[in-house]
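Q: Quick one, fold the following:
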Amino acid sequence: MFYNYFWWTPWDLLMIPGLLLGLYAQFKLNAAYNKYLQVGTRAGLSGAEAAREILDRAGLTKMPVGEIEGRLTDHFDPIKKALFLSSENYHGRSLSAVGVAAHESGHALQQQAGYALFNFRMLIAPATQFASHAWIWVFILGMVVPTFHPLINIAIGIFAVVTLFQVVTLPVEYDASRRAKLQLVNLGLVQADEAPAVSKVLNAAAMTYVAGMVSAILQLLRLIMIANGNRGRR
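A: As a prediction, this is how the structure comes out:
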């Protein structure tokens, strides 16, 4: 019975659109990023230099811009209040490198401006980190042990935190890209005719967050349907 309810149910088909969208988003990101990784900016700035310029112009002169290993591991750490760029984008002088660096700088500008959704995402981040690992074990225990069936609803509630984080993340990422595009053009870090290429890279990156949100919503729906089916058979 556990095998029927958990390891395979008709509701598993709900995950297919999210999976396909995720694969498509990753393909689009890799294609756009790799294409414009070969195209240098006319200003000749590296990603690190572009990020430094954006931060300095915003008055964030003491915020460090560091280098980190990996590919597309770029991120802004709101706790350390520091930017970290992958080596490829830290040293690279391409439209991709500058675009990604500007995007991460956009998160720093969000924090500086007290952007509400950014602050809310930061507030629920610790709970999300816990929830992303805990929900599956609570759900399995509720499915396997009849005495613990109420844990199924608790697991769904825990996963709802993960889903909420994904929903909030989407507008936060789009807003960071919007700020990045404005800063790059307004500060003359890219020319007007270079801006569309940067937009393609950032828009492709944003698609991965769309895919993450859709997958989380569908997974939440799947868990609810499995729980309802389980109750109907008890």
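Q: Could you find the closest non-adjacent residue to residue 178?
A: residue 106 (7.4 Å; CB to CB, 6 or more residues apart in numbering). Just so you know, the C-beta spots here come from the backbone N, C-alpha and C atoms, and that holds for glycine as well.
Q: Could you do residue 120 as well?
A: Per CB to CB, 6+ apart, closest to residue 120 is residue 168, 6.0 Å.
Q: Please apply the same query to residue 70.
A: Nearest one to residue 70, counting by CB to CB, 6+ apart, is residue 86 at 5.5 Å.
Q: List the residues that contact the one you found.
A: Contacts for residue 86 (CB atoms under 8 Å, 6 or more residues apart in numbering) come out as 67-74.
Q: Of the residues you listed, which pair is most distant in space?
A: 67 and 72 (13.8 Å; CB to CB).
Q: Can you name the residues bridging to residue 40?
A: On the basis of DSSP bridges, residue 40 is bridged to residue 94.
Q: okay, now it: neighbour count?
A: 16 (other CB atoms under 10 Å).
Q: One more: residue 81?
A: Residue 81, neighbours per other CB under 10 Å, totals 14.
Q: ok, it touching residue 112?
A: No: counting by CB atoms under 8 Å, residue 81 sits too far from residue 112 to count as a contact (9.5 Å).
Q: for the most centrally placed residue in the chain, helix, strand, or coil?
A: The centroid of the chain falls nearest to residue 209 when counting by CA atoms, centre = their mean (4.9 Å). Going by DSSP: H, G, I helix; E, B strand; the rest coil, the secondary structure assigned to residue 209 is helix.
Q: From what I see, it and residue 168 are in contact.
A: No: using CB under 8 Å, residue 209 is not in contact with residue 168; the gap is 10.4 Å.
Q: and the next element down the chain from the helix or strand of the chain with the lowest mean pLDDT?
A: Sorted by mean pLDDT, DSSP states H and E, the helices and strands of the chain end with helix 2, the least confident at a mean of 42. Downstream of helix 2, the next assigned helix or strand under DSSP states H and E is helix 15-36.
Q: Now do that following helix: which elements does it pack against?
A: helix 95-113, helix 195-233 (3 or more CB pairs under 8 Å, 6 or more residues apart in numbering; DSSP states H and E).
Q: worst average pLDDT in these?
A: Lowest mean pLDDT within the helices and strands packed on helix 15-36: helix 195-233, a mean of 88.
Q: where does the chain dip in pLDDT?
A: The chain contains residues with pLDDT under 70 at 1-9, 11, 230-234.
Q: which outside residues touch stretch 182-194?
A: Counting by CB under 8 Å, 6+ apart, 41-43, 45, 50, 53-54, 57, 95, 98-99, 102, 105-106, 109, 195, 198 sit against stretch 182-194.
Q: Which of these are buried, as a PyMOL select command?
A: The buried subset of the contacts of stretch 182-194, as determined by 16 or more other CB atoms under 10 Å, is captured in PyMOL by this line:
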select buried, resi 41+43+45+50+53+54+95+98+99+102+105+106+109+195+198
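Q: List the residues that contact residue 163.
A: So residue 163 contacts 216-217, 219-220 (CB under 8 Å, 6+ apart).
Q: let me fix that: residue 210
A: Residue 210 sits in contact with 21, 25, 170, where contact means CB under 8 Å, 6+ apart.
Q: now the residues you listed: which count as buried?
A: Of those, these count as buried by 16+ other CB under 10 Å: 21, 25, 170.
Q: Make a markdown table from the residues you listed and add distance to residue 63 to it.
A: What follows is the buried ones among the contacts of residue 210, written out as a markdown table (distance: CB to CB, whole Å):
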| residue | distance to residue 63 |
| --- | --- |
| 21 | 34 |
| 25 | 30 |
| 170 | 25 |
